[in-house]
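Enquirer: return a 3D structure for these sequence lines:
(one chain, ligands or ions: 1)
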Amino acid sequence: MTSSTRGQFTSRFGFIMAAAGSAVGLGNVWGFPTQTASNGGAAFLLIYLLMMALLAYPMLVAELTIGRFGQSNPIASLRKIWTKNKFLAVAFGSIAMLTASMILSFYAILAGWLIGFGAEPILQLIGLHSLADWLVTFSTGRNVFLTVLFMSLTVFVVRRGVADGIEKWSSRLMPLLFGLFLLLIIYILTQDGAMTGLKMYLIPDWSHVNAALVVNAMGQAFFSLSLGVGAMMVYGSYLKKDVNIPKTAGQVAIIDTGVAFSAGLLIMPAMFVARANGVQIFNEVGELISSGNLVFVVLPSLFDTMGFVGEFLSVAFFALMVIAALTSSIAMLEVPVACLHEEMNIKRDKAAMMLGGIILLCSTIIAANFGLLFDWVATASTMYMQPLLGVVWAVVIGWVWHRNALLQEIKQGHPEIETTWFWKIWPWYVKFVCPVAILTVFAYPFL
Ligand code: TRP
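Expert: Alright, predicted model coming up:
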């Protein structure tokens with residue numbers, strides 16, 4: 001594959017929308033608010049912000065730089081850097097690709113539910129009551145049906161390639177997502193009870209802070225920026241050489257954090273608005289009702305109390321979640337697609353459909369053995385594989401790659417980088433601090 005035939009992002013805006021689209025997903029609009037709600041509100045928020053800045057952001061720069069240097073899929077990009085040990089390059093590149101596929105296989109099931117919840121009010125409205133009820137009731141048939149739907153959307157975008165698929169759809173969907181968010185937040189904040197939620201969100205309760213909370217915040221930051229699995233590497237490889245990576249990565253991280261913050265601004269007040277409307281949000285012992293319920297029970301019952309406006313809000317809210325999930329799932333699928341397309345010389349279109357089919361098969365197996373497999377796949381891929389692969393990339397940047405070669409790569413988008421604070425700190429930081437910090441998190445449960 002020559003570089004002239006490779007796809008490329010056509011503008012910096014397009015890249016930022018795509019990378020932010022990859023980062024902004026269920027982790028932001030669902031994971032972050034639920035973690036915050038059950039971990040002392042603002043205390044979790046502050047530690048999360050710290051983790052983003054101190055750990056996730058430097059690793060985002062690392063992944064984007066590896067990809068941009070390689071101008072290829074993660075396996076080939078790593079091979080170009082790890083010239084002395086191509087075996088390890090291929091091995092870790094392949095593990096990253098498998099992990100991305102694994103994440104997609106459970107993510108697509110969740111995203112499918114969201115399609116179901118978004119379609120339900122519309123179907124009720126037009127009188128298809130039993131279909132509507134089926135879509136919001138847990139069953140293997142429903143899970144598989146909706147997963148097929150979501151995977152088809154993902155494949156539809158990815159098979160069109162970088163500029164016509166990923167960039168075009170991210171640039172359309174992300175602004176729509178921001179707009180929907182703003183609308184919903186403004187509406188919720190004007191409702192009774194919203195201020196109680198807002199206070200809980202913004203006033204820290206430090207009694208919740210302990211080592212486990214720090215661990216959670218770090219994992220959440222890693223997941224949220226889509227690190228570890230090569231997704232940011234692939235996107236970096238479609239980036240033009242004159243782009244300033246540290247700056248662009250900063251913008252992506254800020255958008256990602258901004259959306260997570262806004263999701264909290266929407267969901268925490270919404271919980272208390274729901275309570276003001278008579279919905280139960282705390283259990284008997286005064287703890288918040290568990291995470292899954294928040295989105296699939298608390299919010300729908302809130303919308304139910306709001307009559308026609310509620311139906312509308314419900315569709316908007318779930319549409320927003322599906323958009324967030326879709327711009328992330330295309331990034332996940334792009335990892336194996338780029339590998340297969342370039343390493344095996346299989347046409348992108350074919351690679352996207354084949355891999356979409358294989359991953360869908362895995363999703364179906366997970367859906368059919370939900371209780372047994374779902375949590376296991378989700379935990380193994382996100383809690384263990386993502387951070388562990390992050391350690392490998394930090395080692396690649398810090399210990400394998402020549403510092404001078406690294407400098408030459410980053411310098412292309414920022415000629416004066418040597419004089420900046422960023423360059424004085426970052427290479428050293430990624431070499432020593434990032435691997436140790438990530439491993440500490442990883443080791444925490446065993447200590
Ligand atoms: N960042 C995404 C979210 O917040 C999830 C995610 C994790 C991801 N790993 C990924 C997305 C890899 C794309 C590629 O929901």
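Enquirer: CA atoms for contacts and neighbours, from now on please.
Expert: Fine.
Enquirer: spell out the secondary structure type for the nearest residue to residue 238 once chain neighbours are set aside.
Expert: Sequence neighbours aside, residue 8 is the residue nearest to residue 238 in space, at 4.4 Å (criterion: Cα to Cα, 6 or more residues apart in numbering). Put simply, residue 8 is coil when judged by DSSP: H, G, I helix; E, B strand; the rest coil.
Enquirer: contacting residues for residue 8?
Expert: Neighbour list for residue 8: 162, 163, 238, 239, 240 [criterion: Cα atoms under 8 Å, 6 or more residues apart in numbering].
Enquirer: how close does it sit to the ligand?
Expert: Distance from residue 8 to the ligand, counting by Cα to the nearest ligand atom, to the nearest Å: 18 Å.
Enquirer: same check on residue 401?
Expert: From residue 401 over to the ligand (counting by Cα to the nearest ligand atom), the distance is 24 Å.
Enquirer: contacting residues for that residue?
Expert: 81, 82.
Enquirer: same question for the one 10 residues further on.
Expert: Contacts of residue 411 were listed using Cα under 8 Å, 6+ apart, and they are 417, 418.
Enquirer: can you pull the pLDDT of it?
Expert: Note on residue 411: pLDDT of 93.
Enquirer: check residue 440 too.
Expert: Predicted confidence (pLDDT) for residue 440: 83.
Enquirer: secondary structure element for it?
Expert: According to DSSP states H and E, residue 440 maps onto helix 434-443.
Enquirer: show residues contacting that helix.
Expert: 55, 59, 215, 218, 384, 387, 388, 390, 391, 394, 395.
Enquirer: buried only: go through the residues you listed for me.
Expert: The neighbour count (16 or more other Cα atoms under 10 Å) marks 55, 59, 215, 218, 387, 388, 390, 391, 394, 395 as buried among the contacts of helix 434-443.
Enquirer: also near the ligand: which of the residues you listed, exactly?
Expert: Checked against the ligand using Cα under 6 Å from any ligand atom, the buried ones among the contacts of helix 434-443 yield no neighbours at all.
Enquirer: tabulate the residues you listed in CSV, adding columns for secondary structure.
Expert: Formatted as CSV, the buried ones among the contacts of helix 434-443 follow (three-state DSSP):
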residue, secondary structure
55, helix
59, helix
215, helix
218, helix
387, helix
388, helix
390, helix
391, helix
394, helix
395, helix
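Enquirer: how about the residues you listed, which pair is most distant?
Expert: Using Cα to Cα, the two most remote members of the buried ones among the contacts of helix 434-443 are 215 and 395, lying 21.0 Å apart.
Enquirer: related to what we said a few turns ago, and the buried ones among the contacts of helix 434-443, which is closest to the ligand?
Expert: Using Cα to the nearest ligand atom, residue 387 is the member of the buried ones among the contacts of helix 434-443 that sits closest to the ligand, with 10.4 Å.
Enquirer: which ones are touching residue 114?
Expert: 318, 319, 321, 322.
Enquirer: of those residues, which belong to helices?
Expert: Those of the contacts of residue 114 mapping onto helices are 318, 319, 321, 322, per DSSP state H.
Enquirer: quick revisit: give me the lowest-pLDDT entry from the contacts of helix 434-443.
Expert: residue 215 (78).
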